[in-house]
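**Q** build me a model:
(one chain, ligands or ions: 1)
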Amino acid sequence: MTDPRPVLDILLYGAAGFAVQVLECLTGRGEQGPRIAGLIDATKPGRRGQVISKHRVLGGEEVLEQYRPETTGIIVAFGAHRPRIDLLRRLRDGGWRFPNIIHPSAIVSPSARTSEGIIVAAGAVVGPCCDIGFGAIINECAVVSHETHVGACAQICPNAAVGGRCRLDSGAFIGIGASILPDIQIGANACVGAGAVVCRDVPEGVVVMGVPAREHGTAGKEQQDAW
Ligand SMILES: CC(C)(COP(=O)(O)OP(=O)(O)OC[C@H]1O[C@@H](n2cnc3c(N)ncnc32)[C@H](O)[C@@H]1OP(=O)(O)O)[C@@H](O)C(=O)NCCC(=O)NCCS
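**A** So this is what the prediction gives:
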């Protein structure tokens, strides 16, 4: 059920390239809706006051203390996969709310079901009867075909194509330009390397790459931080 309380402000957590991409998704929707309060950069304290695409870096994580979780929406606007998942979960446990960000040029089927905090970037397509979980990213020009389940915090990178009736479990990462054949399952926190063509199911936590995709070990924490 949709939370009836209005979101008054939006904070972007992140202030680099992906944040700019998200800001572009937000422009063009007119003056209606919540105000973009500013950006949080928890990694570089010196950036406080800098202006990124017309919006100010407000400071680090301490900025959260100035806003109320009940009425403030947060967008986790950086791509580093594992840190992003950890932050989304921490903020959700703290009661924060997560608007969905859908670029005006993206196409999301009216029959697709979307959870909170998803980002669908420019040119991406989400097909009929898909199911997109909390915090998932469908990046630029990626295609998710019909009846596919995209689990919480999964990330589908630019130009990747996921066939119909696939299942991507939570935290799955699909690299740039990869192709997943129809009816394939990608386990939780598994990684499909850039450009791979996946013809068989990928177990939880396993990294695959190449054409056809072959196993390349399991993903350690350090690797996951880098995706
Ligand atoms: C698959 C992947 C996770 C492997 O990472 P890794 O384990 O750190 O692998 P390495 O970089 O050490 O490379 C190991 C070998 O595999 C090769 N390789 C790396 N990625 C490859 C890929 N996607 N396809 C084919 N070969 C690849 C490397 O050239 C290297 O070959 P070599 O041993 O002959 O020199 C990573 O390369 C990848 O594709 N990540 C996705 C990046 C992406 O799409 N980012 C999107 C940001 S929006």
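
**Q** surely Asp169 meets Ile184?
**A** No - the pair Asp169 / Ile184 is not scored as a contact, 11.6 Å apart, by CB atoms under 8 Å. For glycine as for every other residue, the C-beta is placed from the backbone atoms N, C-alpha and C.

**Q** can you pull the contacts of the spatially most central residue of the chain?
**A** The centroid of the chain falls nearest to Ile137 when counting by CA atoms, centre = their mean (2.6 Å). By CB atoms under 8 Å, 6 or more residues apart in numbering, the contact list for Ile137 reads 79, 118-119, 121, 154-156.

**Q** mind running it again at 10 Å?
**A** 18, 22, 76, 79, 81, 84, 101, 117-121, 124, 150, 153-157, 173-174 (CB atoms under 10 Å, 6 or more residues apart in numbering).

**Q** among those, which ones lie close to the ligand?
**A** Among the contacts of Ile137, proximity to the ligand is found for 79, 157 (CB under 6 Å from any ligand atom).

**Q** what residues are bridge-paired with the residue nearest to the centre of the chain?
**A** For Ile137, the beta-bridge partners under DSSP bridges are Ile119, Gln155.

**Q** measure it to the ligand for me?
**A** 9 Å (CB to the nearest ligand atom, to the nearest Å).

**Q** kindly report the same for Arg113.
**A** 25 Å.

**Q** can you get me a residue count around that residue?
**A** Using other CB atoms under 10 Å, Arg113 is surrounded by 12 other residues.

**Q** tell me the contacts of the residue nearest to it when sequence neighbours are not counted?
**A** Excluding the flanking residues, the one nearest Arg113 by CB to CB, 6 or more residues apart in numbering is Asp131, at 4.8 Å. Shown in contact with Asp131 (CB under 10 Å, 6+ apart): 112-115, 144, 147-151, 167.

**Q** cool, Ile40 as well?
**A** Per CB under 10 Å, 6+ apart, neighbours of Ile40: 11-15, 19, 47-48, 57-64, 74, 76-77.

**Q** try 8 Å this time
**A** Listed by CB under 8 Å, 6+ apart, the contact set of Ile40 reads 11-15, 57-61, 63-64.

**Q** what do you get for Gly175?
**A** 157, 160, 191-196, 209, 227.

**Q** show me which helix runs longest in the chain.
**A** Of all the segments assigned as helix in the chain under DSSP state H, the longest by residue count is helix 81-93.
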